[in-house]
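> structure here, sequence nowhere to be found:
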């Protein structure tokens, strides 16, 4: 086993796939000598300079080029500095990448990966902090990967590159690039297929489905609640499309309670899709209404105030206690400060106000 960070796991996965398959290309803004704006991948340009392609500030243009490359049998990986800019290339993704396989009578696969890091963490404000899975999930043909841990990033990126469908790959911008774990040495142990969730923590009282920042918050919340006699089962979906609803349903049958937590806006977020599927298939197993945790329907402000807009561990704790009908402790009700910035959550717009 190799002990690496999340960033190193991704670099290793892409490097090994480029080494294995000469059809794999890496392209985007500043991905060459600079190594990329998200997590640095210096080894790619040093080893494969002819297949690591710096692109101009034209997301529409270079995404269209990548779609054409995929149509011709190559396997491009496209890096976006910020996923917010995917709106500039929506026509190429929605119509060129997602639909071509079916419109060609299943003769033209589109094997490409669109990679970016979403959410807060860079203090860059409204144009650089969106979580986009909610507005990308409605395009048939597009797979959406949301890994949170290094071992998943390594095995799932290998799988994504080899997949014949377009894959939207979303890292979490908040701290996960430094998270460390072991990844396999041998190729045969590496690939992690899409569509299989992982139970990160077993429990009996409440099921929590979360990914990225909120998965970390949920794990921390579960540690605190265990001291209060509340047992949390936490499910990491790893991919949203395809989504492993069966693992969630099995857990809900056991606990009878469900909390869904994500950094994206609550309105139109993927949590609503999960809630709908559970309600349609296992409403009788629920002992209380499902509770969703997410960012209010507002923009992300510039600076450290961003941490006060998105949900955190305390929001997860409040949601769990709400669905279980438990009273909050005093410290779970009160305001807190983060790096000297007074909490703004009480003044955030409600989900039906914005």
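All right, it came through fine. Everything numeric here is computed off the predicted structure, so don't read it as measured data.

> wouldn't residue 24 be in contact with residue 53 here?
No - the pair residue 24 / residue 53 is not scored as a contact, 11.8 Å apart, by CB atoms under 8 Å. Placement of C-beta: from N, CA and C, glycine included.

> on the strand side of things, show who the nearest residue to residue 21 once chain neighbours are set aside bridges to.
What sits nearest to residue 21 in space, not counting adjacent residues and going by CB to CB, 6 or more residues apart in numbering, is residue 75, at 6.6 Å. Judged by DSSP bridges, the bridge partners of residue 75 are residue 24.

> can you check the pLDDT for residue 75?
According to the prediction, residue 75 has pLDDT 98.

> can you get me a residue count around it?
23 (other CB atoms under 10 Å).

> coming back round to it: give me the more crowded residue out of residue 24 and residue 53.
residue 24 (23 against 19).

> contact partners for residue 295?
131, 263, 264, 265, 266, 309, 310, 311 (CB atoms under 8 Å, 6 or more residues apart in numbering).

> mind listing what residue 237 touches?
146, 197, 209, 211, 243, 244, 248.

> just the ones of the residues you listed in helices?
Within the contacts of residue 237, residues falling in helices by DSSP state H are residue 248.

> just checking, which of the contacts of residue 237 belong to strands?
Members of these lying in strands (criterion: DSSP state E): residue 209.

> quick revisit: filter the contacts of residue 295 down to the buried ones.
Burial by neighbour count, 16 or more other CB atoms under 10 Å: within the contacts of residue 295 this picks out 131, 263, 264, 265, 266, 309, 310, 311.

> measure the first one to residue 117 for me?
Put plainly, it is residue 131. With distances taken as CB to CB, to the nearest Å, residue 131 is found 10 Å from residue 117.

> shared neighbours of these two, which are they?
Here residue 131 and residue 117 have 83, 170 as joint contacts, going by CB under 8 Å, 6+ apart.

> helices of the chain, start to end?
6-20, 42-47, 59-71, 90-91, 100-103, 133-136, 150-162, 213-226, 245-255, 270-282, 306-309, 313-324, 330-333.

> distance from the fifth one to the middle of the chain?
When you say that, I think you mean helix 100-103. 26 Å (CA atoms, centre = their mean, to the nearest Å).

> for residue 156, give me its contacts.
Per CB under 8 Å, 6+ apart, neighbours of residue 156: 145, 147, 192, 194, 238, 239.

> the second one against residue 179, yeah?
Yep, that's residue 147 we're talking about. No - contact criterion CB under 8 Å: residue 147 and residue 179 do not qualify, at 10.5 Å.

> before we move on, back to that, possible to save the helices of the chain as CSV with mean pLDDT?
Conversion of the helices of the chain to CSV gives the following (pLDDT from 0 to 100):
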stretch, mean pLDDT
helix 6-20, 95
helix 42-47, 94
helix 59-71, 97
helix 90-91, 95
helix 100-103, 92
helix 133-136, 94
helix 150-162, 96
helix 213-226, 97
helix 245-255, 98
helix 270-282, 98
helix 306-309, 85
helix 313-324, 97
helix 330-333, 86
